[in-house]
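*Asks:* Below: sequence and its predicted model.
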Number of protein chains: 2
Amino acid sequence: MSTAPRTVSTTRKPKEEVADVSSEAGGTEYLETLLGYNASRAAHTLVSHFIRGVGSFDLRTVDFSVLSVIGHWPGVTSRQLCQQLNVLPPNMVVLLRDLDKRGLIERQPHPTDRRAVGLLLSTSGKALMKKAEKAASAADLLGSTRLSSAERKNLVRLLQKIYISAA
Amino acid sequence: MSTAPRTVSTTRKPKEEVADVSSEAGGTEYLETLLGYNASRAAHTLVSHFIRGVGSFDLRTVDFSVLSVIGHWPGVTSRQLCQQLNVLPPNMVVLLRDLDKRGLIERQPHPTDRRAVGLLLSTSGKALMKKAEKAASAADLLGSTRLSSAERKNLVRLLQKIYISAA
DNA sequence: TATTGTTATACTCTATAACTATA
DNA sequence: TATAGTTATAGAGTATAACAATA
């Protein structure tokens, strides 16, 4: 159930090779019946578009997600980010350290819990994310140009039906 | 654009914290507008179900995919698998070596190209995949129980519209 | 000159154990 | 006793360079 590119083998010749029994889909005909395979491949395509569009801001998907959540939930703690974005605490530490080094986020004492630290976007972090979210949205649309607006909306709904309230 | 679990922070209290301005979605409201984010999360959910259902066969998604393609395209070469499943040749080598060690695949000389090796499922590989594909299909359905049959079909169609003929 | 399969290796990502300060 | 943040490190996954055999 790996993702795959759309590059198709150039060396295959339609009829003369030994094993060309069921190669219309290049052997993936079963895999293509699985939602997991299809969702993984679509996600891979969309993430590729994301990287092309947002990579110039020097943000990986996980950096972008973290900054987006902080931006939309100012004061969020590291632990809450971990839960929301499925990142383990030790890995979040280095991630936040790097974003802090770049001056994109600020840390403030948590109002009620002295163990915790509230996270905020800095002024430059806000400016960056304003541009980055615009670029991300454009890249996301570019990755789904073959979908109508209604299809896109429907796709979001169906995908959320899978991951909301599920593991 | 990372994936996320559905575990929601337990420490947040609705009104008394500093930054509870826009936390209905836990800060992910923008991310949820992106197909890439939604597809990644849905894929993560479905792959989790896959692992629960197929992991007992000691097959990762990539092993399963490779075996499935070999099964449905007997005689396929390592290079063709790489292209079809987005795995780099050096990594495919160790993957195939392990599957070979386990007796799940066999290698035969390629009929026309003496550099290449054709891959086949062994008898036990076929037997394993018969059970594993059944388990994978069941797990995939389990991961999408909230979808009707029509919705599922539609979802596959929409996802393929994204990754077919796209990068 | 290009391609298949391969080795060796580096790099990134993800996961685990354990510590401190605080709840 | 449990949790937030952290350190150090191990392990898995992914990527690059280079080689021999063959096209």
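*Replies:* Done, it's in.

*Asks:* who does the helix or strand hosting A:L120 touch, helix- and strand-wise?
*Replies:* Using DSSP states H and E, A:L120 sits within strand A:117-121. Applying 3 or more Cβ pairs under 8 Å, 6 or more residues apart in numbering or on different chains; DSSP states H and E, we find strand A:117-121 packed against helix A:61-72, strand A:76-77, helix A:78-85, strand A:105-109. (Glycine included, C-beta is placed from N, CA and C.)

*Asks:* among those, which is nearest A:S40?
*Replies:* Distance to A:S40, taken as Cβ to Cβ, is lowest for helix A:61-72 among these, at 14.5 Å.

*Asks:* what about the helices in chain A?
*Replies:* Under the criterion DSSP state H, helices of chain A are mapped to A:35-54, A:61-72, A:78-85, A:89-101, A:123-142, A:149-163.

*Asks:* so where's chain A uncertain?
*Replies:* Counting by pLDDT under 70, the ranges of chain A that qualify are A:1-24, A:166-167.

*Asks:* Find the residue at the geometric middle of chain A.
*Replies:* Taking Cα atoms, centre = their mean, the centroid of chain A lies closest to A:T61, which sits 5.1 Å from it.

*Asks:* give the contact list for the residue nearest to A:R152 when sequence neighbours are not counted.
*Replies:* Excluding the flanking residues, the one nearest A:R152 by Cβ to Cβ, 6 or more residues apart in numbering or on different chains is A:S144, at 5.9 Å. By Cβ atoms under 8 Å, 6 or more residues apart in numbering or on different chains, the contact list for A:S144 reads A:L46, A:R152, A:L155, B:L35, B:K161, B:I162.

*Asks:* Using neighbour counts, pick out the buried residues of stretch A:133-145.
*Replies:* For stretch A:133-145, burial by neighbour count (16 or more other Cβ atoms under 10 Å in any protein chain shown) applies to A:E133, A:A135, A:A136, A:A139, A:D140, A:L141, A:G143, A:S144.

*Asks:* Same check on stretch A:106-116?
*Replies:* Buried residues in stretch A:106-116, counted by 16+ other Cβ under 10 Å: A:E106, A:H110, A:A116.

*Asks:* next one: stretch A:30-42
*Replies:* Going by neighbour count (16+ other Cβ under 10 Å), the buried part of stretch A:30-42 is A:Y30, A:L31, A:L34, A:L35, A:G36, A:Y37, A:N38, A:A39, A:S40, A:R41, A:A42.

*Asks:* ok, it near DNA strand D or not?
*Replies:* No: with Cβ under 7 Å from any atom of the strand as the criterion, DNA strand D is not reached by stretch A:30-42; the gap is at least 10.3 Å.
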